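> for reference, the sequence and a predicted model appear below.
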Amino acid sequence: MPRRLLPLLAPLLAAAAANAGTPLGFHPASHEAQKPAEKAFLETPTPDQARRWLAALTEEPHVAGTPQEKRVADYVTERFREMGLETEVVRYDVFLNHPKSVSLKITAPFEESLALREEPYDVDKDSASLGMFPAFHGYGASGKAEGPVLYVNYGTREDFEALKGMGLSPEGRIVLVRYDKVFRGLKVKEAQERGARGVLIYSDPADDGYMKGDVYPDGPMRPPSAIQRGSVQFLSLGPGDPTTPGIPSRAGAKRIPREKLDTIPKIPSLPISYAQAEKILRRLGGPRVPDAWQGGLPFAYHAGPGGASVSMDVQMTEGLFPIYDVFARIPGASEPDRWVILGNHRDAWTHGAVDPNSGTAAMLETARGLAAALKTGWRPRRTILLASWDGEEYGLLGSTEWAEDHAEALKNAVAYVNLDAAVTGQDLDAGGVPSLLAVFREVAGEIADPRKGESVLAAWDRRAQADWAKEAPVELGAPDRPFEPRLRALGSGSDYTAFLDHLGVPSLDFTFRGPYGVYHSVYDNLRWMEKYGDPGFAYHAAAARLFGLLAMRLSSADVVPLRYGAYAGTLRQDLDDLRRRAIRLRRTPPPDPLDKPAIQADFTAVLAALDDFEAAGREADEEADRAARTASDTARVNEALLAVERAFLSPEGLPRRSWFRHVLAAPGTTTGYAPWPFPGLTQAIEDRDAKLFEAESRKVVTALGDAARILRGSKVE
């Protein structure tokens with residue numbers, strides 16, 4: 001091991017040495033008692049059963065709010081009950097839309113109707129499913145729009161600013177953009193704010209089509225007719241039912257009327273395939289686009305306008321529809337009010353073999369394994385909840401409404417672990433808060449990789465180090481950044497969002513990744529998974545083992561396995577990235593001479609608070625290991641460890657989006673999916689607002705100070 005890695009790995013190595021073969025947080029006797037249950041659990045999940053679950057779950061498309069999705073909810077409910085698990089179904093009535101009629105046609109230089117359904121393939125029965133909706137966007141607005149087309153690359157804020165630099169405006173035009181870079185809803189938001197009449201979003205072959213590999217049905221990547229459906233809610237302003245922000249969508253809830261909603265679009269939009277987008281792009285006039293805007297279609301792209309006009313007609317059925325969250329509960333024997341929550345959503349835009357039902361199949365295998373563990377006489381100390389969410393695809397509806405409904409009880413939550421699209425290949429990827437890194441690494445080190453002759457942890461570490469070697473930036477005042485194991489920062493886009501960003505519950509999300517080009521299309525089905533995603537379904541079983549063993553360790557350890565010694569190191573990396581961003585902005589002239597200059601951001605107070613938090617975290621880790629080893633003071637130590645993440649919540653929330661309350665983690669206001677660590681500080685730097693930076697810096701310093709005091713309260717005086 002390189003010498004420079006030792007200080008950075010010290011907290012993880014110290015924890016491993018302290019336990020000496022005993023899992024993190026366990027007294028040796030407690031682990032001995034749990035071993036038979038863990039053995040029974042790990043021996044239960046099988047690839048064959050995972051495949052059977054997935055085949056049943058994906059028999060038909062099941063969009064939230066439809067009878068088909070209710071049938072899938074009933075299926076999961078029945079399986080939980082058959083396993084002997086305490087089961088509950090919770091209904092929420094939420095605002096949704098489904099397509100009534102949609103059409104798109106080129107009106108100039110000739111007339112041609114454009115296809116809004118995918119082509120079927122003889123080898124794939126599901127590609128010809130009669131139950132599929134045509135192309136539409138969740139929360140897309142009804143309306144008619146006609147006009148010349150303007151191509152704006154990925155539709156990011158920077159792309160629209162670059163368009164302005166070309167002397168072009170989207171006002172009164174139909175904007176054509178490609179998927180990727182930012183959440184699709186923010187593409188529509190940017191176009192709407194600039195006066196566009198409508199938006200078309202397509203998947204370019206440079207991003208997930210033939211330039212990335214063989215296309216379906218001969219390979220895993222996106223074929224010409226594939227359409228990427230999805231929600232266009234303005235996700236970075238807040239998820240959940242847009243008519244009931246901050247409160248659960250129960251009967252009698254006060255709702256905002258559709259015409260007053262500012263978190264969903266007011267102009268129509270549609271997803272289209274690159275086969276149909278090509279017909280428009282080929283005919284666009286105007287200037288040739290910058291090189292970075294050139295996609296993978298075989299001609300030079302032009303921005304427009306001129307050469308092509310389109311007409312779109314989008315009519316939606318809107319209203320309240322029922323969604324169903326399904327829970328299996330394993331009550332805790334001694335701390336039943338403390339919850340470990342495993343979550344996955346069921347609803348899909350299509351059949352959803354990858355997204356999300358690879359995760360649902362893994363969850364059912366996890367549930368079957370936990371039921372086997374219960375038969376050994378094992379009971380967890382804390383309650384395990386398996387949550388099968390509905391309505392995720394529209395805007396994380398089921399998880400957000402339930403979390404808002406149970407906000408008080410969730411103050412006692414230990415952790416939330418999420419599976420969404422659990423399997424698209426063989427490469428483990430994980431994101432989460434740094435306090436869960438040690439337990440995740442411990443458990444991943446005990447799960448065999450089905451194909452590589454090593455643990456999934458060893459394979460993950462090799463890839464992470466290789467990526468670091470390629471991408472490690474130059475440090476501020478240092479020659480380089482040493483490699484440090486870490487979990488990817490969480491932004492938004494899946495069901496951990498309400499738990500972490502709104503309620504401060506330590507959260508983790510993982511998946512096994514591979515080439516995957518059929519996202520949200522009709523081709524995301526059982527045949528794709530059998531041929532390309534996970535032939536043999538071995539990684540579904542591995543995901544189930546990792547999911548469930550994490551739950552068993554988090555729920556049964558004498559001292560909850562949250563560790564904070566390495567937390568500050570991860571935050572310091574993120575802060576260094578933000579400092580570089582601030583420096584680059586100061587060195588780069590603003591795109592408009594009238595814009596405010598970049599601010600001189602002073603990070604001194606935040607860095608000092610990080611140093612103090614790091615020292616407190618190391619001391620608390622030592623105290624947690626002592627308490628586990630001696631089986632003493634565990635209640636007091638647990639109380640402190642469980643309070644830390646909630647110390648990072650701001651009562652007033654983040655600037656201009658109060659639903660998001662975590663001062664260290666949130667999706668970016670201009671990214672939607674991707675995270676902004678230190679989101680308030682990032683917002684101030686992006687807005688060039690020195691006063692906001694000072695205010696948000698004080699919030700961060702206060703939160704880190706509160707967390708350090710909580711951690712020091714775990715020590716025996």
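Now that the structure is in, tell me what you want to look at. Numbers count the residues shown, from 1 in each chain.
> longest helix of the chain?
If you go by DSSP state H, the chain has its longest helix at helix 604-630.
> show me which positions of that helix end up buried.
606, 609-610, 612-614, 616-629 (16 or more other Cβ atoms under 10 Å). For glycine as for every other residue, the C-beta is placed from the backbone atoms N, C-alpha and C.
> stretch 275-288 too?
275-278, 280-281, 283-284, 286.
> which of these fall within helices?
275-278, 280-281.
> please list all residues in contact with residue 542.
447-450, 456, 512 (Cβ atoms under 8 Å, 6 or more residues apart in numbering).
> and this protein, what are its domains?
3-94+320-457+488-556, 100-317, 567-712 (automatic domain parsing).
> where exactly do the helices run in the stretch 601-717 of the chain?
604-630, 634-643, 679-687, 690-712 (DSSP state H, counting those that start in this stretch).
> nearest to residue 316, out of the ones you listed?
helix 679-687 (32.2 Å; Cβ to Cβ).
> show residues contacting that closest one.
By Cβ under 8 Å, 6+ apart, helix 679-687 touches 578, 581-582, 585, 598-599, 601, 606, 650, 654-656, 660, 662-666, 668-670, 676, 689-690, 692-693, 695-697, 699-700.
> swap in stretch 47-59?
72, 75, 79, 126, 346, 348, 351-353, 357-358, 360-362, 364-365, 368, 525-526, 529-530, 536-538, 540-541, 544.
> rerun at 6 Å
With Cβ atoms under 6 Å, 6 or more residues apart in numbering as the contact definition, stretch 47-59 has outside contacts at 351, 353, 357, 360-361, 364-365, 526, 536-538, 540-541.
> also stretch 409-426?
337-344, 354-356, 358-359, 362, 451, 494-496, 499, 503, 505-509, 511-514, 516, 533-534, 539-540, 543, 550, 554, 560.
> ok so, going back, and the helices of the stretch 601-717 of the chain as JSON lines, adding mean pLDDT and distance to residue 322?
Output for those, formatted as JSON lines (pLDDT from 0 to 100; distance: least, Cβ to Cβ, whole Å):
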{"stretch": "helix 604-630", "mean pLDDT": "97", "distance to residue 322": "44"}
{"stretch": "helix 634-643", "mean pLDDT": "96", "distance to residue 322": "34"}
{"stretch": "helix 679-687", "mean pLDDT": "96", "distance to residue 322": "34"}
{"stretch": "helix 690-712", "mean pLDDT": "97", "distance to residue 322": "38"}
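> ok, which of these comes nearest residue 63?
Comparing those by Cβ to Cβ, helix 679-687 comes nearest, at 31.5 Å.
> and the angle for the closest one with helix 690-712?
Comparing the axes of helix 679-687 and helix 690-712 via axes from the mean of the first three to the mean of the last three Cα atoms, to 10 degrees yields an angle of 160 degrees.
> centre of the chain to helix 679-687, how far?
21 Å (Cα atoms, centre = their mean, to the nearest Å).
> which parts of stretch 93-112 are buried?
93-99, 102, 104, 106.
> in strands, which of the residues you listed fall?
93-99, 102, 104, 106 (DSSP state E).
> now flag whichever of those is closest to residue 189.
residue 97 (17.0 Å).
> show me the strands in the chain, by range?
Under DSSP E, the chain gives strands at 86-108, 112-113, 137-138, 143-151, 174-178, 198-202, 230-231, 269-272, 309-330, 335-345, 382-389, 415-418, 427-432, 507-513.
> so for residue 372, which of those strands sits nearest?
Going by Cβ to Cβ, the one of the strands of the chain nearest residue 372 is strand 309-330, 12.2 Å.
> and the angle from the closest one to strand 198-202?
Using the same axes, to 10 degrees: strand 309-330 against strand 198-202 is 70 degrees.
> measure residue 653 to residue 512 for me?
The gap separating residue 653 from residue 512 is 35 Å, by Cβ to Cβ, to the nearest Å.
> looking at these two, which is more packed in?
residue 512 (27 against 20; other Cβ atoms under 10 Å).
> for the stretch 451-600 of the chain, give me the ranges with low pLDDT.
By pLDDT under 70, the low-scoring segments of the stretch 451-600 of the chain are 472-481, 590-594.
> let's see that with 90 instead.
Low-confidence segments of the stretch 451-600 of the chain, defined by pLDDT under 90: 464-485, 584-598.
> quick one, helices of it?
456-471, 497, 526-528, 538-556, 567-587.
> what's the answer for the stretch 51-200 of the chain, then?
Under DSSP H, counting those that start in this stretch, the stretch 51-200 of the chain gives helices at 67-82, 157-165, 184-193.
> now residue 508: closest residue in space that isn't a chain neighbour?
residue 432 (3.3 Å; Cβ to Cβ, 6 or more residues apart in numbering).
> hang on, the one you found packs against residue 489?
No: counting by Cβ atoms under 6 Å, residue 432 stays clear of residue 489, with 8.6 Å between them.
> before we move on, the earlier item: got CSV for the buried residues of stretch 275-288, with distance to residue 151 and pLDDT too?
Below are those laid out as CSV (distance: Cβ to Cβ, whole Å; pLDDT from 0 to 100):
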residue, distance to residue 151, pLDDT
275, 16, 98
276, 14, 98
277, 9, 98
278, 12, 98
280, 8, 98
281, 7, 98
283, 11, 96
284, 6, 97
286, 8, 95
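> having no further points to raise, I will conclude here.
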